[in-house]
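Asks: please find the sequence and the predicted model below.
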Amino acid sequence: MMHRLLVQLLLLVLTFHLLGCDKGGSAQTEVRFQVRHHDRILPDIDIQVYLNRTVVPTAADLDKFDAAFTTDENGRGQLDAIPLGNHWFVGLGYDEAIREQVVGHMPLRFDLSQLKQDTTMYVGEEEFYKIGR
């Protein structure tokens, strides 16, 4: 009788644990960027996030992003609660020093062994229509 009660209690605890788990894959993820053009830090760069993609977004995809944020005056930006998976990050902005539009892109993967990333995104004078080619 005691054994049966113990098994029932264990099953009840396990059920509550499983119901409480986040099945959406949103572990405590975080990405921090600093944006640079060669050796210069660039402020106010828009970073667009394309979730669950394995190929670089093309110019036709630029308005279909899933999330976005802008870097601060030190070229730094952060995004939290990123789903697990493969994602592309595209940086778009303007470099005052050369008076030209700049763009950069990079893939990042988040999984249970890689929840937080701190990285540098390099941007250049690449034409927007060349993204993804």
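Replies: Great, that's in hand.
Asks: show me what Arg36 is bridged to.
Replies: Ile41, Tyr122 (DSSP bridges).
Asks: and the next element down the chain from the helix or strand hosting Val90?
Replies: Assigned by DSSP states H and E, Val90 belongs to strand 85-95. Downstream of strand 85-95, the next assigned helix or strand under DSSP H and E is strand 100-110.
Asks: show me the helices in the chain, by range?
Replies: For the chain, the helices defined by DSSP state H cover 2-20.
Asks: return the helix or strand in it with minimum mean pLDDT.
Replies: In the chain, the helix or strand scored least confidently by mean pLDDT, DSSP states H and E is helix 2-20, which has a mean of 43.
Asks: residues near the residue nearest to Ala67 when sequence neighbours are not counted, how many?
Replies: Nearest residue to Ala67, sequence neighbours excluded (Cβ to Cβ, 6 or more residues apart in numbering): Val49, at 4.1 Å. Any C-beta I mention is one placed from the backbone N, CA and C, and that applies to glycine too. The tally of other residues near Val49 (other Cβ atoms under 10 Å) stands at 19.
Asks: done for today, thanks.
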